[in-house]
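Visitor: turn this into a model:
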Amino acid sequence: MLRVVDITGVSSKDYQTATDNALKNLSDKGHRVQRYSEKMRGINKENGRKEFRVDLKVSVFI
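Guide: I've put the predicted structure just below:
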């Protein structure tokens, strides 16, 4: 059975790293990822530091 979860990934490097960080965090918690779709939220500049954010919809096995 699959369940869809919403997660957010963040990176100071780029969007791909933000996506990788979010998926790694989910898999580190023991979830098996089936597929995902992403939406780039943009760059947030705080204190002169860039922060890339992505919103993900992920299908995981339960």
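
Visitor: make it CA atoms for all contacts and neighbour counts henceforth
Guide: Will do.

Visitor: the top strand by length along the chain pairs with which strands, parallel or anti?
Guide: What stands out as the longest strand in the chain, according to DSSP state E, is strand 32-46. Paired strands of strand 32-46, with direction, are strand 49-61 (antiparallel) (DSSP bridges).

Visitor: if we can go back for a sec, can you list contacts of the longest strand of the chain?
Guide: With contact meaning C-alpha atoms under 8 Å, 6 or more residues apart in numbering, strand 32-46 is reached by 15, 23, 27, 50-61.

Visitor: mean confidence for that strand?
Guide: The average pLDDT within strand 32-46 is 80.

Visitor: in that strand, what counts as buried?
Guide: The neighbour-count check on strand 32-46 (16 or more other C-alpha atoms under 10 Å) flags 32, 33, 40, 43 as buried.

Visitor: same check on stretch 10-17?
Guide: For stretch 10-17, using 16+ other C-alpha under 10 Å, the buried residues are 10, 11, 15, 17.

Visitor: distance to residue 5 added to the buried residues of strand 32-46, as CSV?
Guide: Output for the buried residues of strand 32-46, formatted as CSV (distance: C-alpha to C-alpha, whole Å):
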residue, distance to residue 5
32, 12
33, 10
40, 17
43, 23
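
Visitor: beta-bridge partners for residue 61, please?
Guide: Residues in beta-bridge contact with residue 61 (DSSP bridges): residue 2, residue 32.

Visitor: would you confirm that it contacts residue 26?
Guide: No. Residue 61 is not in contact with residue 26 according to C-alpha atoms under 8 Å; the separation is 11.6 Å.

Visitor: out of those two, which sits in the busier spot?
Guide: Per other C-alpha atoms under 10 Å, whichever of residue 61 and residue 26 has more neighbours is residue 26, with 16 against 13.
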